[in-house]
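[1] Show me how the following folds:
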Amino acid sequence: MEPAVSVAFAQINQKVGDLAGNAARILQAAALAHKQGHDILLLPELALTGYAPEDLLLRCQFLADQQAALQSLQQALSPLTNLHVVLGHVVNTDKGTYNAASVLLNGDKLGTYLKQELPNYSVFDEKRYFIAGRKPLVFTVRQHTFGVAICEDIWFAGAAAAAREAGAQTLLVLNASPYVVRKHDIRLGVVRRNVCDAGMAAIYCNLVGGQDELIFDGHSFAMDRRGAVVAQLNGFCESMGRVQVSSSGQLQAQAPLPLAEETSATLQSQDTEPAEAEIWRALVMGTRDYLRKNFFKKAVIGLSGGIDSAVVLAIAIDAIGAENLHAVMMPSRFTADISINDAQLMARQVGVHYDEIAIAPMFDSYLDALAPVFGDLPQDTTEENLQARIRGALLMALSNKFNAIVLTTGNKSELATGYCTLYGDMVGGYAPLKDIPKTLVYQLANWRNSQSAMIPERIITRPPSAELREDQTDQDSLPPYEVLDAILEHLMEHNDSVEAIVGTGLARDDVEKVARLLRINEYKRRQGSPGPKITTRAFGRDWRFPITNGYRF
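    Prediction:
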């Protein structure tokens, strides 16, 4: 009887365009797989370029540099004898550019697979850059035949069926599948339907890490041909899964291995974690990677004493450490004492550097300067926005002076309705809560406090307020957040009409108001910071509504 084939699959954290750094991480994973005696190493989709390279793929020099990096990497892998490395990369020919995967062995290329199904929906634009392949690729190790597929290929039956017809017994799937809440359960169902039902086992290796607005969660797995999950890696960490594939096609898991220092503590099973825990880890990784990959070591946050800035501060602490954070309270004449006290308490409790900069003198100077022009016109949101913009200018000054990125604190509900100030509280380089509805902000705060007390309880329980005028609360301008978020889910996630939403029992006045606010504030959102996508319809590259728009929902 032939010995089993030992397969390693490494979910690694790559950076788009960092060809040298990506190659180094690939080599590190390959060296570990070789040292452990594995026969195959499966890597994520486009592991060499990172995903998604977007318009870098339109630059001839980038394509040439990637080809040179591929050749160098192939040579560097050659001493790792008898290790088949299944590597995702780009192929450029006179016919066009392909999303590809090659099987490398002892310095040779055994074959190259060209992705057949090119996604062109949601955050994906692959038809802008790639042309589709048509042929399966299989290779045999110790009489067991493996097929290769890339991500979207397995969301349809055709590519997997073609691999099976070509003799594949186990399908190796390279993936860069972005995270949304509970996406992993959907992937498992897709593999069972399109791979296992075709009579094959599957080893599914997914990218991990943050890339601009996208989060790649890993959660790589191996599934036998009956649809049972044999091995599964935890999400949001770099690690290597390992399985033995017998001559009869049975899979047997081995213990996973860490690929980074922070991974070892997260290798334990987390199958039963609540959704809030999964989302928190996604936001922390997204924030950490955005800062790290863009060369920021420090961040500054406007700490208002409210729930949003408190949650952003907590995320940032878990992402880069309290020692790298600067919290700034900027009270005005309308700031309640309890807001100042709560901000001080949280800063002291978590150990971040904390300053207070009063904006009242600056606000008065603005009013004095504008008085001759404003004349007798009554005060309105103009004066409210002035305060927010003064704070934004102060935060950006601190950002410039100390080379610290500003983390802006707005949530999805506020961005949807325009309950935020352009060039004010919207300023910043990254928005951790951009895709987090207000009701979920509270859930995340409570979950984080259940792990260790970080956010003072009064911040969570007191009514939210922008504190830009006397006795202001958010509900002066908006429906209760439970109602608002329900309406936004209908409008954004399901594309429901106003009439359909009213038919569910929600008040017409509320629905029409929210629909109008969502429509007229597109211009603000276009100028906002990027932030991590965790829902199926996030503002940014996933939400593409025209600013100039005469249509009513």
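[2] What's the local residue count around the nearest residue to Thr417 once chain neighbours are set aside?
    Using Cβ to Cβ, 6 or more residues apart in numbering and skipping residues adjacent in sequence, the residue nearest Thr417 is Leu517, 4.1 Å away. C-beta coordinates here come from the backbone N, C-alpha and C atoms, glycine included. Neighbour count for Leu517, taken as other Cβ atoms under 10 Å: 17.
[3] after the host helix or strand of Leu517, next one along is what?
    Here Leu517, judged by DSSP states H and E, is contained in helix 508-520. Per DSSP H and E, helix 508-520 leads on to helix 522-526 as the next helix or strand towards the C-terminus.
[4] so for that following helix, what's the average pLDDT?
    For helix 522-526, mean pLDDT is 94.
[5] Using the neighbour-count criterion, name the buried positions in it.
    Residues of helix 522-526 classed as buried: Glu522, Lys524, Arg525 (neighbour count, 16 or more other Cβ atoms under 10 Å).
[6] Next: stretch 377-389.
    Using 16+ other Cβ under 10 Å as the test for burial, stretch 377-389 gives Glu383, Glu384, Asn385, Leu386, Gln387, Ala388, Arg389.
[7] Stretch 477-491 now?
    Neighbour counts using 16+ other Cβ under 10 Å place Leu478, Pro479, Tyr481, Val483, Leu484, Asp485, Ala486, Ile487, Leu488, His490, Leu491 of stretch 477-491 among the buried residues.
[8] And stretch 175-195, by the same measure?
    175-181, 183-184, 187-188, 190-192, 194-195.
[9] Might you calculate how far that stretch sits from the centre of the chain?
    Mean-position distance between stretch 175-195 and its chain equals 16 Å (Cα atoms, centre = their mean, to the nearest Å).
[10] now do stretch 245-265
    25 Å.
[11] now do stretch 226-241
    Using Cα atoms, centre = their mean, the offset of stretch 226-241 from its chain centre is 19 Å.
[12] rewinding a little: looking at the buried residues of stretch 377-389, which are in helices?
    Glu383, Glu384, Asn385, Leu386, Gln387, Ala388, Arg389 (DSSP state H).
[13] got the buried residues of stretch 477-491 as JSON lines, with distance to Glu414 and pLDDT columns?
    Output for the buried residues of stretch 477-491, formatted as JSON lines (distance: Cβ to Cβ, whole Å; pLDDT from 0 to 100):
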{"residue": "Leu478", "distance to Glu414": "9", "pLDDT": "84"}
{"residue": "Pro479", "distance to Glu414": "13", "pLDDT": "89"}
{"residue": "Tyr481", "distance to Glu414": "10", "pLDDT": "91"}
{"residue": "Val483", "distance to Glu414": "15", "pLDDT": "94"}
{"residue": "Leu484", "distance to Glu414": "10", "pLDDT": "94"}
{"residue": "Asp485", "distance to Glu414": "11", "pLDDT": "94"}
{"residue": "Ala486", "distance to Glu414": "16", "pLDDT": "95"}
{"residue": "Ile487", "distance to Glu414": "14", "pLDDT": "94"}
{"residue": "Leu488", "distance to Glu414": "11", "pLDDT": "95"}
{"residue": "His490", "distance to Glu414": "18", "pLDDT": "95"}
{"residue": "Leu491", "distance to Glu414": "15", "pLDDT": "95"}
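[14] of all the residues you listed, which comes closest to Gly227?
    Ranked by distance to Gly227 (Cβ to Cβ), those are led by His490 at 34.2 Å.
[15] for the closest one, phi and psi?
    phi -60, psi -50 (degrees, to the nearest 10).
[16] Which ones among the buried residues of stretch 175-195 lie within strands?
    Asn175 (DSSP state E).
[17] Of the buried residues of stretch 175-195, which pair is most distant in space?
    Val181 and Val195 (23.7 Å).
[18] Setting the sequence-adjacent residues aside, check what's closest to Leu73.
    Leaving aside its chain neighbours, Leu73 sits nearest to Ala23 (4.8 Å; criterion: Cβ to Cβ, 6+ apart).
[19] for that neighbour, what are its contacts?
    Counting by Cβ atoms under 8 Å, 6 or more residues apart in numbering, Ala23 makes contact with Leu48, Ala69, Ser72, Leu73, Ala76.
[20] helix/strand/coil for the last one?
    Recorded secondary structure, Ala76: helix (DSSP: H, G, I helix; E, B strand; the rest coil).
[21] Run a quick neighbour tally on it.
    Neighbours around Ala76, by other Cβ under 10 Å: 16.
[22] How much space separates the residue nearest to it when sequence neighbours are not counted from Ser78?
    Leaving aside its sequence neighbours, Ala76 sits nearest to Leu27 (Cβ to Cβ, 6+ apart; 5.7 Å). From Leu27 across to Ser78, the span is 11 Å (Cβ to Cβ, to the nearest Å).
[23] ditto for Asp65
    21 Å.
[24] Surely Ile40 and Val86 touch.
    Yes: the criterion here is Cβ atoms under 8 Å, and Ile40 meets it with Val86 at 6.6 Å.
[25] quick one: common contacting residues for those two?
    Contacts common to Ile40 and Val86, judged by Cβ under 8 Å, 6+ apart, are Leu172.
[26] Pull up the gap between the closest residue in space to Asp542 that isn't next to it in sequence and Arg537, please.
    For Asp542, ignoring the flanking residues on the chain, the nearest one in space by Cβ to Cβ, 6+ apart is Val123 at 5.2 Å. Separation of Val123 from Arg537 (Cβ to Cβ) stands at 10 Å.
[27] tell me the helices in the stretch 151-300 of the chain, going along the chain?
    Under the criterion DSSP state H, counting those that start in this stretch, the stretch 151-300 of the chain contains helices at 157-165, 183-194, 275-293.
[28] And the stretch 1-150 of the chain, by the same measure?
    Assigned helices in the stretch 1-150 of the chain, in chain order: 19-35, 60-77, 126-129 (criterion: DSSP H, counting those that start in this stretch).
[29] Could you look over those and pick the most buried one?
    helix 19-35 (a mean of 18; mean count of other Cβ atoms under 10 Å).
[30] Tabulate the CA atom coordinates of it in PDB.
    Presented in PDB, the C-alpha positions along helix 19-35 are these (Å, rounded to 0.1, in the frame of the first residue of the first chain):
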ATOM      1  CA  LEU A  19       6.400  41.100  -4.100                       C
ATOM      2  CA  ALA A  20       9.600  40.700  -2.000                       C
ATOM      3  CA  GLY A  21       7.700  40.500   1.400                       C
ATOM      4  CA  ASN A  22       5.100  38.100   0.000                       C
ATOM      5  CA  ALA A  23       7.800  35.900  -1.500                       C
ATOM      6  CA  ALA A  24       9.500  35.800   1.900                       C
ATOM      7  CA  ARG A  25       6.400  34.700   3.700                       C
ATOM      8  CA  ILE A  26       5.800  32.000   1.100                       C
ATOM      9  CA  LEU A  27       9.300  30.700   1.500                       C
ATOM     10  CA  GLN A  28       8.900  30.700   5.300                       C
ATOM     11  CA  ALA A  29       5.800  28.600   5.000                       C
ATOM     12  CA  ALA A  30       7.400  26.300   2.400                       C
ATOM     13  CA  ALA A  31      10.500  25.800   4.600                       C
ATOM     14  CA  LEU A  32       8.300  24.800   7.600                       C
ATOM     15  CA  ALA A  33       6.200  22.400   5.400                       C
ATOM     16  CA  HIS A  34       9.400  20.800   4.100                       C
ATOM     17  CA  LYS A  35      10.900  20.500   7.500                       C
END
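[31] as a whole number, average confidence for it?
    Mean predicted lDDT for helix 19-35 stands at 97.
[32] can you check stretch 367-377 too?
    Mean per-residue pLDDT for stretch 367-377: 95.
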